[in-house]
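[1] Coordinates only, no sequence provided:
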């Protein structure tokens, strides 16, 4: 049986990440960056596409228990067998030059025989490397990649079935540490690291970082776990945050809705910035703001919905036919052609983020306002275009209401920035007129007075969960009857077994794709926020409790949830879901104890 998405736990070093299964197998790892080719791709194929399992020799199924060490990204996985008990501790220490994956095996009782099976497959499971012994290390080389394995104390390894194997025993208190490292094959290997010292340093550093969290309300451990996950999905050199650590985990098992999420989306920017500022992580918020400024610099007409980790603009989509897909879900894709789409909402996200950064007292950058002015001047002339919308539909452009609302947000934040900072120069009257014109058009063309709800696009009867953001961004106040009507209509129309879909899939013309998908988790968090803003606090808290209950055993959420099969769907772990969780906790309970 294929593992479930929620069977995995995340480890990482803030430049890349690995997924570790309940069976002790590392089934996904891209080196050296989140968006590099995977050397372990069993997640999207089978064992021959690369993995590394360490577990008791006779253990066929999942572990007995696992957990992160409190307030860290260090994972402990334990087995109890007829021979005794053993623990495997997995983590990726903060890197100096190159990435390392450390796996420490420790005997907890009895005498346990442990088996290690390492199959390295470069280029997403397609290339079998040349493996040779160099001193006490096994070295695998193919093209630009070199990966080496060593152990402390030295454990005998042998080659078999294009894999590297080891078998050893541990008694109570004994430890065997494995270190897997990567470096460019044309460079000398990096200095060795001490795995035990690296473990102590990682635990200390993560706990110090988690201790800065200002939130002290209900479900604090879950909120901190979400913050740690967001930190782990941050590409430290640039401050960019990837949407997820994976590609092509399906939105429908066996379906074609499989996308690469190892990039940075502008749609997440305001909510991400708010998390950092509100939860006590100002440094991370500033790094994200700076990444945003670098990414969007240039011609406003060329603004993209997403960028690479360092702001790369070309992310061409390619299919990998040799991978069978997660649970048979094909095609497997790398790259994402959605980067070519027009989404007017990202202009609002950028303007809102930079307004929030300035009003929160983050240090300004000399070119920041000039970029904002250029964005506004482009938007003034182009905002009436149809676009692909927040959800990156591939069924043709429409006049999406959420996109127009975010154009209003852009104009509103430009006006407010000038009003609050008189030393800045800009077309205050023109932007006020733009704000009024957009508001008027949305209320005329995007509102269904018969049903008392805003619609997905002009002239349609479809609804969209993104409309729940209308009160949050300030387009209308929460007490406006049109807001409450929209919330109620969305709950009635898009609820699926207690959770929200993004939009109706009754008409495939909306997104241009066949098949189904699960409930989109961040949308249910938006519903929670909307209920709280309209005075229905108890309903909001009840929904929040149910959403928190969807986290897997180590506190992680994917993009979507199937309430029928009761399993997670989509790329994992998903930054958007964890941003939603933290923002909703802050909205419901503030940063302190709930009253």
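    Right, received. Where do you want to start? Values in this document were obtained by computation on a predicted structure and should not be read as measured data. Numbering: from 1, shown residues only.
[2] just how off-centre is stretch 498-515 within its chain?
    22 Å (CA atoms, centre = their mean, to the nearest Å).
[3] what's the first-to-last distance across that stretch?
    21 Å (CA to CA, to the nearest Å).
[4] List the contacts of that stretch.
    Residues outside stretch 498-515 that contact it (CB atoms under 8 Å, 6 or more residues apart in numbering) are 252, 255-257, 391, 393-396, 456, 462-466, 490-491, 493-495, 516-521, 523-524, 526-527, 546-547, 561, 563. Glycine gets a C-beta too; all of them are placed from N, C-alpha and C.
[5] out of these, which are inside strands?
    The members of the contacts of stretch 498-515 that map onto strands under DSSP state E are 495, 519-520, 561.
[6] ok, of the residues you listed, which come out buried?
    519-520, 561 (16 or more other CB atoms under 10 Å).
[7] Can you list the helices and strands that the strand ranked longest in the chain packs against?
    Of all segments of type strand in the chain, defined using DSSP E, the longest is strand 100-119. Secondary-structure packing of strand 100-119 (3 or more CB pairs under 8 Å, 6 or more residues apart in numbering; DSSP states H and E): strand 51-56, strand 84-91, strand 163-171, strand 175-184, helix 195-210.
[8] Just want the angle from that strand to strand 84-91.
    120 degrees (axes from the mean of the first three to the mean of the last three CA atoms, to 10 degrees).
[9] after strand 100-119 comes which helix or strand?
    helix 122-125 (DSSP states H and E).
[10] Could you pull up the mean pLDDT of that following helix?
    The pLDDT scores in helix 122-125 average 98.
[11] And the pLDDT for residue 257?
    Predicted confidence (pLDDT) for residue 257: 93.
[12] ok, the nearest residue to it once chain neighbours are set aside - contacts?
    Nearest non-adjacent residue to residue 257, counting by CB to CB, 6 or more residues apart in numbering: residue 251, 3.9 Å away. For residue 251, the contact set (CB under 8 Å, 6+ apart) comprises 257-258, 517-518, 559-560, 569-570.
[13] How about residue 128?
    So residue 128 contacts 121, 142, 162 (CB under 8 Å, 6+ apart).
[14] where are the low-confidence patches of this protein?
    1, 507-509, 592-595 (pLDDT under 70).
[15] Residue 26 belongs to a helix?
    No - judged by DSSP: H, G, I helix; E, B strand; the rest coil, residue 26 forms no part of a helix; its state is strand.
[16] start the count at 672, not 1, going forward
    Fine by me, first position is 672 from now on; the one you just mentioned is residue 697.
[17] ok, the residue nearest to it when sequence neighbours are not counted to residue 698 distance?
    Of all residues not flanking residue 697 in the chain, residue 723 sits nearest, at 4.5 Å (CB to CB, 6+ apart). Residue 723 is 9 Å from residue 698, where distance means CB to CB, to the nearest Å.
[18] now residue 905
    22 Å.
[19] Please apply the same query to residue 1128.
    With CB to CB as the criterion, residue 1128 and residue 698 are 40 Å apart.
[20] now residue 1259
    Per CB to CB, residue 1259 is found 35 Å from residue 698.
[21] The two: who's more crowded?
    residue 698 (26 against 19; other CB atoms under 10 Å).
[22] ok, the more buried one - contacts?
    Counted by CB under 8 Å, 6+ apart, residue 698 has contacts 674, 679, 690-692, 711-714, 722.
[23] What is the most widely separated pair among those?
    The span of those, defined through CB to CB, is set by 691 and 712 at 14.5 Å.
[24] Just the element for the nearest residue to residue 1143 once chain neighbours are set aside, please.
    Counting by CB to CB, 6+ apart, residue 1200 is the residue found nearest to residue 1143 once chain neighbours are left out, at 6.2 Å. Element membership for residue 1200 (DSSP H and E) is helix 1192-1204.
[25] Mind giving me the packing neighbours of that helix?
    helix 1141-1144, helix 1152-1165, strand 1170-1171, helix 1208-1219, helix 1246-1260.
[26] Distance from it to the middle of the chain?
    19 Å.
[27] same check, this time on stretch 1229-1249
    That offset, for stretch 1229-1249, works out to 11 Å (CA atoms, centre = their mean).
[28] Same question for stretch 712-722.
    21 Å.
[29] Touching it from outside, list them.
    679, 690, 696-699, 709-711, 788, 790-792, 795-797, 833, 917-920, 991, 993-997, 1003.
[30] Could I get the buried residue list for that stretch?
    For stretch 712-722, by 16+ other CB under 10 Å, it's 712-716, 718-722.
[31] so what's residue 1126 up against?
    Residue 1126 makes contacts with 1072, 1117-1119, 1132-1135, as judged by CB under 8 Å, 6+ apart.
[32] Residue 1123 is in contact with residue 1160, isn't it?
    Yes - using CB atoms under 8 Å, residue 1123 is in contact with residue 1160, at 7.2 Å.
[33] separation between the closest residue to residue 1122 other than its chain neighbours and residue 1116?
    Closest residue in space to residue 1122, ignoring its immediate chain neighbours: residue 1160 at 5.9 Å, by CB to CB, 6+ apart. According to CB to CB, residue 1160 and residue 1116 sit 17 Å apart.
[34] Give me the more crowded residue out of those two.
    Between residue 1160 and residue 1116, counted using other CB under 10 Å, residue 1160 has the larger neighbour count: 18 against 14.
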